[in-house]
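1. My questions are about this predicted structure, shown below with the sequence.
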Amino acid sequence: MVMRMEGSDDYGVPRHPQLPAPTSLPVHLPSPSQEAKLPLLSRSETLEIKLNIHSKQRPELRRYINWLERSLDRKMFLSGPRCSSLNIHHNTSVKQKDNINPELTHLALNSQPKNTKKSPHEIVQDFFLINDSTTVATELPVFIRPKEVDLDIDEPITGHIDLVQIRFNNIFILDYKPNLNHPERHASQLALYKEAIQRRTSIPEHKIHTAAFNRHAYYEFE
């Protein structure tokens, strides 16, 4: 129960007796021309805000992203094996789950004009970055050094993660696949993404989850 005080409004907020009630104050809305001049957050600014919000949950990921911006040797991504091209043996199960990501993907793809020059991946990534509060990174570079895996390779394994989300103190590595008729075929790629994130950030393995999705379904790999 809110107690009303003399000289205050219905919520107990003091009101100066010589000022008009708030409802009588003029409200100035920007004209369409003024709205066009209002500053919009850039993609990088949007990402920075989200990282600041979520860094308390997973500061390890923020440190890794900061390191990427300062020190990543991008030449390693020009050659060598890719996560998406390797097929490693990995015991995993695939489960379809209810999730909002397919619905967001549907909205993303339907929001673009037919003559857009963006690829479906770009459309989905940009939409999630702007509209989904849990998405903190897109096209995140990852790598695994040869000595870190029991594979016959002499160059790092590299890849780019489509979407990274932070939910309930857990990291979710998401791969957008327009065709998901056989989600099990992507288990190896996602397992390597998980291995790369775990090694680069030291986030406990049980706190890192992987999933593939499109506008129709969402599958987690366990």
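-> The structure has been received and is ready for your questions.

2. And for Leu163, the neighbour number?
-> Neighbouring residues of Leu163 were enumerated by other C-beta atoms under 10 Å; the total is 25. For glycine as for every other residue, the C-beta is placed from the backbone atoms N, C-alpha and C.

3. Find the residue ranges of the chain scoring beneath the pLDDT cut-off.
-> 1-44 (pLDDT under 70).

4. tell me the helices in it, going along the chain?
-> For the chain, the helices defined by DSSP state H cover 32-37, 43-54, 59-71, 101-110, 120-131, 187-201.

5. out of those helices, which comes closest to Val149?
-> helix 187-201 (7.2 Å; C-beta to C-beta).

6. so what's the residue nearest the centre of the chain bridging to?
-> What sits nearest the mean C-alpha location of the chain, by C-alpha atoms, centre = their mean, is Thr135, with 2.2 Å. Assessed by DSSP bridges, Thr135 has beta-bridge partners Gln165.

7. Quick check: it touching Leu51?
-> No. Applying C-beta atoms under 8 Å as the test, Thr135 and Leu51 come out as separate, 10.8 Å apart.

8. returning to that earlier point: give the contact list for the residue nearest to the centre of the chain.
-> Shown in contact with Thr135 (C-beta atoms under 8 Å, 6 or more residues apart in numbering): 50, 128-129, 163-165.

9. Taking these together, which two end up most distant?
-> Lys50 and Leu163 (12.0 Å).
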